[in-house]
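J.: Next come a sequence and a model predicted from it.
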Amino acid sequence: GTGLWRNGKSPYYAVKVPVYSFLKLHGVDTMLGPEMKSTGECLGIAESYPQALLKAFKGANKKVQGIGDTHIAQVTELVDKAKDGFATLNGAVDAAEKVAPILPQMLGANGQTRHYLVLAMSNVEIRACGGFPGSRGVMSVTDGKLELGDFVKVDMMKEPLSPLPITDEEANLFTTGWGLTGFNTLGYTMGDVTMTPDYPRAAQLASDMQKAIVGDDIDGVFAVDPVFLQYMLGIVGGTQLPDGTVVDGSNAAKVLLHDIYWNYPVEEQDAIFAAVAGSAFNKIVGELGSSDITKIAAAIEKGASEGRILMYSRNDDEEKAAKALGISGALQTDTSEAPILGVYVNNYSYSKMDWFLDKRVTIDSSVENADGSTTYRVTTSLKNTMTPQEKAEMPGYFQGHNGISQDIDDEVLRLYLYAPAGGSISDIKTSGSGSIEMNEATHDGLKVAWGGVHMLLGQDIKVEYKVTTSKDSGHKELKVRTTPTAQTFEQDK
C-alpha cells in the first residue's frame, strides 16, 4: 500500500513496546518474524524519539497494571513479575520525562562544559541535610562525556578569606546559644554548610566556597551519602582499597562510616574516606552505561525518598526539575502544596558517634479541622545505641570533642522540628533518660521548635507533639522529610 505518508517522510517517530514479551513464554521461537509474539503492545507516537519511547512505555505500563487475576498460578507469577518490572521502569520513565527538556544542557550539549561539585556526606557526623561533607570532587561534563576529578578533603575560608555571611535566623539555629561560641561555622567551613536543612542554601554556600578557595566556577552541586553509594555499587560492582578490602553493595556504608575510623590511623582516615568515595564514584560513573537501567532507577528512587541524594543547580529550570524529582532538598514554603513536617538533626559533639544514632518519626493519629487544616499527633524518638564495650573500644576520632560534652560517649545534638508552611507545632512533651531543652525559632517563614540534646550510651529521648497544617493545604496528607541516618535499626517488637 501507499502507507500513511505518501512522500515517505513523516514528521513523527513511532515506538512499539510489547506488553508481555514472548521472552517470558518458555519454548516459543524467539526469532522475529511477521507474526506477533507478545500478548499485547502499545504504540507511542511523538515528534521526537525520546518522547515516543516515553509514551510507549507509559501506555504499556498502564495496560500491564490493568491485567486481572489469571486463575493460573504459573501465569499469575509471570504477570506479577511483569507488573513489578514495568512499575519500576515506569518510575524511570516519569523521571526521564521530567528531566528530558533540560538534560542536554546539563550534559554540556554543543561543546559547553558544565562543572558540578560532588559532596560525599558522612552520616556518622550527622548534619540536617544528611552528613558532614567528608570529601569533595568536581565532575565536568562536555557533550555527555563525564570526567571526575580527584576527591579531596573539604576546606575552610581561612585567612585572608572571610566567612560567608549568614542570616540572623541561621545564626540562631545553627551557630549560637546552648554552649556554642557563636562562631559562623556555617559560612566558614564546607563541612558545616549542610547544617541547614535547606539544601539549595547549603549548596550555594559550598559552591561559593569552592570558587573563593579553589577558583572553580560551579554550575550545580550533588550530595550523596555512603548508603546511597552502597545501593549503586550493588548494581555496578565493587571497588577496592589499597590494602585489598573490597567495597561493594554489601558493605560500603559500614566501611566508609565505621571501619575507616576504627581500623586505620587517625592521620590516614580522612584521606582514605576521600579515596574510597572517589573510587566508588568513578566506578559508578564508568559502569552506568552498561548497567541495568531499571535497577539504577530503583536505587535512585530509593535514595531520593530517603534523602540520600540531593541536587542543586544555579539554572532555574534545572532546579525546578530537581524539585519535581524529589531531590532538591528545598524547604517547602508554599502553603497550597502538600504539607511537609521537617525533622532534622545536627551533631555538635564533633564526633563520629552518629553511627549509633537511632532516630524514628511516627505519625500516631490525625484529626481534620473545619477550617481545612489537619492536626496530627507525632512522636520523634532518639537513642544512643552504643554499648559499654563499644565505648571502651571507641577510637579517639570517634569520640565527642565539644567542651559541653558530658563524657566521650555523649551524643550532643540539636533536634529541629520544622512546621509545615503556614502551620504550627504545639503541645510539646519531652521524656526519656537523656536530656533536651526545647526552644522556638523561625526559618524562612517556617515555625521551628528545636532542642539541645545530651544522650550518653543507652540513653534515649522522646518528643511528642501536635502538628497542624495550613488551612490552605485542603487536608492534603502530611509528608515527613527527615535527616537520613547511617543505620536503620530494627523496630521494637
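T.: Alright, I've got the coordinates.
J.: Quickly find the element holding Phe273.
T.: Using DSSP states H and E, Phe273 sits within helix 266-287.
J.: what about stretch 213-225, how long is it end to end?
T.: Chord length of stretch 213-225, first to last residue, is 24 Å (Cα to Cα, to the nearest Å).
J.: re earlier: pull out the buried positions in the helix holding Phe273.
T.: For helix 266-287, burial by neighbour count (16 or more other Cβ atoms under 10 Å) applies to 269-270, 272-285. Heads up, the C-betas are built off the backbone N, CA and C, glycines and all.
J.: what's the angle from the helix or strand that it is followed by to helix 266-287?
T.: Next helix or strand after helix 266-287 toward the C-terminus (DSSP H and E): helix 293-305. Angle, helix 293-305 to helix 266-287, by axes from the mean of the first three to the mean of the last three Cα atoms, to 10 degrees: 140 degrees.
J.: Going by contacts, tell me the helices and strands next to the helix holding Phe273.
T.: Packed against helix 266-287, as judged by 3 or more Cβ pairs under 8 Å, 6 or more residues apart in numbering; DSSP states H and E, are the following elements: strand 113-127, strand 130-142, strand 145-148, strand 152-153, helix 226-236, strand 239-240, strand 246-247, helix 260-263.
J.: chain center to it: distance?
T.: How far helix 266-287 lies from its chain's middle: 19 Å, per Cα atoms, centre = their mean, to the nearest Å.
J.: Next, the angle from it to helix 226-236.
T.: Going by the same axes, to 10 degrees, helix 266-287 makes 40 degrees with helix 226-236.
J.: average model confidence for helix 266-287?
T.: On average, the pLDDT along helix 266-287 is 79.
J.: picking up where we left off before, out of the helices and strands packed on helix 266-287, nearest to Lys462?
T.: strand 113-127 (18.6 Å; Cβ to Cβ).
J.: Against which helices or strands is that closest one packed?
T.: Counting by 3+ Cβ pairs under 8 Å, 6+ apart, strand 113-127 packs on strand 130-142, helix 199-213, strand 220-224, helix 226-236, helix 266-287, strand 340-347.
J.: Could you export those as a markdown table, including distance to Gly474?
T.: Putting those into a markdown table (distance: least, Cβ to Cβ, whole Å) gives the following:
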| stretch | distance to Gly474 |
| --- | --- |
| strand 130-142 | 31 |
| helix 199-213 | 26 |
| strand 220-224 | 33 |
| helix 226-236 | 34 |
| helix 266-287 | 41 |
| strand 340-347 | 15 |
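J.: quick one: which of these is nearest Asn402?
T.: Asn402 lies closest, by Cβ to Cβ, to one member of the helices and strands packed on strand 113-127: strand 340-347, at 9.2 Å.
J.: Which other helices and strands does the closest one contact?
T.: strand 113-127, strand 357-368, strand 374-384, strand 411-418, strand 479-482.
J.: Turn those into a markdown table, including mean pLDDT.
T.: Output for the helices and strands packed on strand 340-347, formatted as a markdown table (pLDDT from 0 to 100):
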| stretch | mean pLDDT |
| --- | --- |
| strand 113-127 | 95 |
| strand 357-368 | 96 |
| strand 374-384 | 98 |
| strand 411-418 | 97 |
| strand 479-482 | 97 |
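J.: mind showing which ranges of the stretch 101-250 of the chain have poor pLDDT?
T.: Scanning the stretch 101-250 of the chain with the threshold set as pLDDT under 70 gives 101, 177-181.
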